[in-house]
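Engineer: sequence unavailable; structure follows:
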């Protein structure tokens, strides 16, 4: 249903982004999925280069979460699920504690508990706690709840916290005592 309802965006956004970015409208990157196995994630491009500030179109795409729509391809391929912990950068793999690595016990998702509970305004510790809470309580009921709350937040994107569209500070691992 998500793929069919997003079809108009797949028709109109790529040509617009192609013109705006003078080339490929998609961003692809290797991310760890189930059991830490790498896969290629696909998103709509929101920045001219990785370390550049967001463009105006990038801010709108992120604020509305439309940049995530190409991940339906990852779901169809079996690399991702609709709901689960968001796939983070591959470079973070060696930085996880054994408890944090448990986030890879399930397929990563397009949305999850962290996304509906604060997204980028959460600390890394809070994000990992939400990921582990999800993994420990996986159920169809919880997935439906998360999908409904995600849809509600997407429809009310104007009230999105501006921090939600910012580039997140890199995860640096855990402090060693």
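Structural biologist: Looks like it arrived, so ask away. Keep in mind it's a predicted model, so treat the numbers as computed, not measured.
Engineer: going along the chain, name the helices of this protein.
Structural biologist: For the chain, applying DSSP state H gives helices covering 2-5, 7-20, 56-64, 71-77, 98-101, 113-116, 124-136, 140-155.
Engineer: can you list these in TSV and add mean neighbour count, distance to residue 45 and mean pLDDT?
Structural biologist: Just so you know, the C-beta spots here come from the backbone N, C-alpha and C atoms, and that holds for glycine as well. Formatted as TSV, these follow (neighbours: other CB atoms under 10 Å; distance: least, CB to CB, whole Å; pLDDT from 0 to 100):
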stretch	mean neighbour count	distance to residue 45	mean pLDDT
helix 2-5	10	20	72
helix 7-20	14	6	78
helix 56-64	18	8	80
helix 71-77	17	14	93
helix 98-101	14	29	95
helix 113-116	22	20	94
helix 124-136	18	24	96
helix 140-155	14	19	91
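Engineer: just so I know, which of the ones you listed lies nearest residue 168?
Structural biologist: helix 124-136 (8.7 Å; CB to CB).
Engineer: now the angle from that closest one to helix 140-155?
Structural biologist: Angle of helix 124-136 versus helix 140-155, following axes from the mean of the first three to the mean of the last three CA atoms, to 10 degrees, is 140 degrees.
Engineer: what does helix 124-136 contact?
Structural biologist: 83-85, 99-100, 102-103, 105-106, 112-114, 117-118, 122, 142, 171 (CB atoms under 8 Å, 6 or more residues apart in numbering).
Engineer: try 6 Å this time
Structural biologist: 85, 100, 102, 103, 105, 106, 112, 113, 114, 117, 171 (CB atoms under 6 Å, 6 or more residues apart in numbering).
Engineer: pipe those into CSV and attach distance to residue 65 per row.
Structural biologist: Listed next are the contacts of helix 124-136 as CSV, based on distance: CB to CB, whole Å:
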residue, distance to residue 65
85, 16
100, 24
102, 26
103, 20
105, 25
106, 21
112, 13
113, 15
114, 13
117, 15
171, 21
